[in-house]
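In: just a sequence and a predicted model for now, questions to come.
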Amino acid sequence: MLLTTTQLFHQCYSRYAIPAVNVFFMEEIHGLFSAAQEANAPFIVQTTPFARDYANADMLLSMIGAASRIYPDVTFAIHMDHGFEAHIFDAIEKGGYTSVMIDASHDPFEKNVERTREVVTRAHAKNISVEAELGVLAGVEDDLAVDAAHSFYTNPQQVEDFVKATDCDSLAIAVGTSHGAYKFSGGQGLQFQILEEIQKRLPGFPLVLHGGSNVIPEVVERINAAGGTLKTDAKGVQEDEIRQAIPLGICKINIATDTRLLWTMVNREFFRDKPDEFAPTTPGKIFMEEYKKFMLKKFDLFGCTGKA
Ligand code: 13P
Ligand code: G3H
Ligand code: NA
Ligand code: ZN
């Protein structure tokens, strides 16, 4: 069943979180939908503007549509991740998404409000939910890089005014995570005090955690053992941090880096061990299985197994 993120968050608030996974190609979509069907877990499949340019938006949405027929028992939302007006308005007009994110977090507060408000007005007219962002995450995300000096935590003093003025349906906050494989390089971790302050001011309102990958140490080690040169300070969000964040209102946790690392691990190991092979479908099959196993673990960790 295709739902809006608002509907999904209404069910999960403070009890479990929903993984929001970025997809770029077919094997990921199979892995995600088959895991969700097996676990009976709700999920959010999301595409960035970069993914839409890479695969073509029609291709991506058609594959997602096909997956929902191949795996008919799943409960999910289709979300545009880190959208700007051009992509969002195009998507609202053409349809296919039940939720969009307007990322105007790099703008000053007033400008962020103004841009978000316009997207909310147009999206709500078509029953599409809107995620907005306040605060700036560091890290590398598709073709956008933000260095630590230009990132900042969400200011809890601003969240009520922002949500009231924009009428957004969920709020992405910057509480210490960053995008990519090198979160917490300085050793700091999730800022629970800030998260608590935000939830106190927005009780019951769905919060979104970007940069939610775990950057599994074993996966990083296997990539490097198979010829990769990832830096050893690669680090992500820890499992106990996830468990602690859910009762504090985190409803949606974004994951992109972890599944990219899985793809890299599978393919590096495969071509290291089978240098005479050249069929993409053989490592592709291994990848789909690894992806599914990864998602089954995430559903358990986020508490959403059996909740679809
Ligand atoms: P990761 O880099 O932790 O996977 O975060 C992804 C993300 O926030 C996508 O919006
Ligand atoms: O925001 C979505 C991007 O695909 C995330 O990319 O995994 O490099 O952070 P990332
Ligand atoms: Na998002
Ligand atoms: Zn993000």
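Out: Nice, thanks for sending it over. Ligands and ions are numbered 1, 2, ... in the order given.
In: beta partners of the residue lying closest to Gln7 once chain neighbours are set aside?
Out: Taking Cβ to Cβ, 6 or more residues apart in numbering as the measure, Gln7 lies nearest to Ala77, with 7.7 Å between them; neighbours along the chain are not counted. C-beta coordinates here come from the backbone N, C-alpha and C atoms, glycine included. Per DSSP bridges, the residues bridged to Ala77 are Ile44.
In: wait, Ala77 touches His10, no?
Out: No: with contact taken as Cβ atoms under 8 Å, Ala77 and His10 are classed as non-touching, separated by 11.9 Å.
In: just give me the neighbour total for the residue nearest to Gln7.
Out: 26 (other Cβ atoms under 10 Å).
In: pLDDT value on it, please?
Out: Confidence per residue is given as pLDDT, and for Ala77 that number is 98.
In: now do Lys235
Out: 86.
In: what's the closest non-adjacent residue to it?
Out: Per Cβ to Cβ, 6+ apart, closest to Lys235 is Phe184, 5.0 Å.
In: from the middle of its chain, how far away would the biggest helix by length in the chain be?
Out: In the chain, assigned by DSSP state H, the helix with the most residues is helix 281-302. Its chain's average C-alpha position is 16 Å from that of helix 281-302, according to Cα atoms, centre = their mean, to the nearest Å.
In: surely Phe152 touches Ala174?
Out: Yes: using Cβ under 8 Å, Phe152 and Ala174 qualify as a contacting pair, with a distance of 6.7 Å.
In: those two: who's more crowded?
Out: The neighbour count for Phe152 versus Ala174, taken as other Cβ under 10 Å, is higher for Ala174 (23 against 13).
In: return the distance of the more buried one relative to Ser151.
Out: Using Cβ to Cβ, to the nearest Å, one gets 7 Å for the distance from Ala174 to Ser151.
In: please apply the same query to Met26.
Out: Counting by Cβ to Cβ - Met26 and Ser151 are separated by 34 Å.
In: grab the nearest non-local neighbour of whichever residue of the stretch 1-150 of the chain sits closest to ligand 1.
Out: Ligand 1 sits closest to Asp81 of the stretch 1-150 of the chain, with a gap of 4.7 Å, by Cβ to the nearest ligand atom. With Cβ to Cβ, 6+ apart as the criterion, Asp81 has its nearest non-adjacent residue at 4.2 Å, and that residue is Gln46.
In: what about the one you found, which SS state?
Out: Of the three states, Gln46 takes strand according to DSSP: H, G, I helix; E, B strand; the rest coil.
In: so what's the residue count around it?
Out: 28.
In: hey, where'd the strands end up in the stretch 51-200 of the chain?
Out: If you assign secondary structure with DSSP state E, counting those that start in this stretch, the strands in the stretch 51-200 of the chain sit at 76-83, 99-102, 129-134, 139-141, 144-146, 170-173.
In: check whether stretch 197-206 contacts ligand 3.
Out: No: using Cβ under 5 Å from the ion, stretch 197-206 never reaches ligand 3; the gap is at least 11.8 Å.
In: how long is that stretch end to end?
Out: Stretch 197-206 has an end-to-end distance of 14 Å (criterion: Cα to Cα, to the nearest Å).
In: pLDDT weak spots in the protein?
Out: Counting by pLDDT under 70, the ranges of the chain that qualify are 143-144, 148-150, 185-187.
In: apply 90 and report the result again.
Out: Screening the chain residue by residue with the criterion pLDDT under 90, one finds the ranges 136-153, 176-178, 181-189, 232-235.
In: and Asp276, that one's in a strand?
Out: No: when classified by three-state DSSP, Asp276 is found to be coil rather than part of a strand.
In: quick check: residues of the stretch 101-250 of the chain near ligand 3?
Out: With the criterion set to Cβ under 5 Å from the ion, the stretch 101-250 of the chain comes near ligand 3 through Met101.
In: name the residues of the stretch 101-250 of the chain found near ligand 1, please.
Out: His179, Gly180, His210, Gly211, Gly212, Ser213 (Cβ under 6 Å from any ligand atom).
In: widest-spaced pair of those?
Out: Gly180 and Gly212 (11.7 Å; Cβ to Cβ).
In: compare the two (neighbour count), which wins?
Out: In this view Gly180 and Gly212 are compared by other Cβ under 10 Å, and Gly212 has more residues nearby, 28 against 20.
In: I'd say the more buried one and Asn254 touch.
Out: Yes: applying Cβ under 8 Å as the test, Gly212 and Asn254 come out as touching, 5.0 Å apart.
In: which residues are in contact with each of Ala174 and Ser151?
Out: Counting by Cβ atoms under 8 Å, 6 or more residues apart in numbering, the shared contacts of Ala174 and Ser151 are Val136, Leu137.
In: show me the helices in the chain, by range?
Out: According to DSSP H, the helices that the chain contains are 5-12, 26-39, 49-55, 57-70, 85-94, 109-124, 156-166, 192-201, 217-225, 239-245, 257-273, 281-302.
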